[in-house]
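Undergrad: requesting a structural model of the entry that follows:
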Amino acid sequence: MSLASWFRWNEPPNRISQRNPTEMVVETLMMELSWQIKQAEKQQRERDNEYRKIKTGVDYGWLVSYPKQSYDISPGERLQLEDMCSKIHPSYCGPAILRFRQLVAEYEPEAQEVSRLFRSVLQEATEKIKEEEEAKKLARQWNTKNKTSLSLTTFKSRSRISPFISDIKTISEDVERGTQPTRRVWSMPEFRNAKDY
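TA: Alright, predicted model coming up:
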């Protein structure tokens, strides 16, 4: 019996790319949510400490110990958010995270409000994905309709009016030729100098 079979160095290394992209998106977005909740708690504690310092005039911050993370979202809400995250395409994961960070920086929510902001960002991303899919669908339909009616478009193109070949007299033609313009019978009034009268 060889010792090499006991060790795992002969096996190919597991690669991250073997994971499902949807799972990676869900994991990435949920990690971002938990990190933002921790940051919101930290900011809330700092605000509370500043308020206590101002109110009492004494800093007891060195005496207080805080729990690691006091707020956690409920399991039902976590499952709903994970389900919403699974609907996000991997190409929208980065923009969704950026939008979420932007909203958190803008509103500075408390820990309980972070999950609501996250839900709104996921809804925006889902709506954007649906809009783009509908636009692609309409573009495909338009392209197929154009291919079927190609004979009609060639017929229409033969009956077009060419703006450069016309019998209509214009002022610019008269100026180019250096001739006096004839009396206009157009819808706009004709302006003449006072010495012409």
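Undergrad: all contacts plus neighbour counts: C-alpha atoms, from now on.
TA: Will do.
Undergrad: quick one: the helices in the chain?
TA: 21-56, 75-86, 93-107, 111-148, 150-158, 171-177 (DSSP state H).
Undergrad: any chance of a markdown table for those, columns mean neighbour count?
TA: Putting the helices of the chain into a markdown table (neighbours: other C-alpha atoms under 10 Å) gives the following:
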| stretch | mean neighbour count |
| --- | --- |
| helix 21-56 | 16 |
| helix 75-86 | 15 |
| helix 93-107 | 16 |
| helix 111-148 | 15 |
| helix 150-158 | 10 |
| helix 171-177 | 11 |
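Undergrad: would you reformat the ones you listed as TSV and include distance to L63 and mean pLDDT?
TA: Shown next, in TSV, are the helices of the chain (distance: least, C-alpha to C-alpha, whole Å; pLDDT from 0 to 100):
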stretch	distance to L63	mean pLDDT
helix 21-56	12	91
helix 75-86	33	96
helix 93-107	30	95
helix 111-148	23	90
helix 150-158	81	51
helix 171-177	89	59
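Undergrad: among the ones you listed, which comes closest to S65?
TA: helix 21-56 (10.9 Å; C-alpha to C-alpha).
Undergrad: tabulate the helices of the chain (JSON lines), appending distance to S65.
TA: Below are the helices of the chain laid out as JSON lines (distance: least, C-alpha to C-alpha, whole Å):
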{"stretch": "helix 21-56", "distance to S65": "11"}
{"stretch": "helix 75-86", "distance to S65": "27"}
{"stretch": "helix 93-107", "distance to S65": "26"}
{"stretch": "helix 111-148", "distance to S65": "19"}
{"stretch": "helix 150-158", "distance to S65": "76"}
{"stretch": "helix 171-177", "distance to S65": "87"}
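Undergrad: Y71 is in contact with E113, isn't it?
TA: No - under the criterion of C-alpha atoms under 8 Å, Y71 makes no contact with E113, lying 10.8 Å away.
Undergrad: could you measure from A139 over to K130?
TA: Going from A139 to K130 by C-alpha to C-alpha, to the nearest Å gives 14 Å.
Undergrad: do the same with E106
TA: 26 Å.
Undergrad: how about V121?
TA: As for V121, its distance to K130 is 14 Å (criterion: C-alpha to C-alpha).
Undergrad: could you do P21 as well?
TA: For P21, the distance to K130 - C-alpha to C-alpha - is 19 Å.
Undergrad: go on, E113?
TA: Counting by C-alpha to C-alpha - E113 and K130 are separated by 26 Å.
Undergrad: what does R19 give?
TA: Plainly put, R19 is 25 Å away from K130 if you go by C-alpha to C-alpha.
Undergrad: what do you get for Q36?
TA: 27 Å.
Undergrad: same check, this time on E50
TA: 45 Å.
Undergrad: what's the answer for A105, then?
TA: From A105 to K130 the distance is 27 Å (C-alpha to C-alpha).
Undergrad: ok, now D83?
TA: 16 Å.
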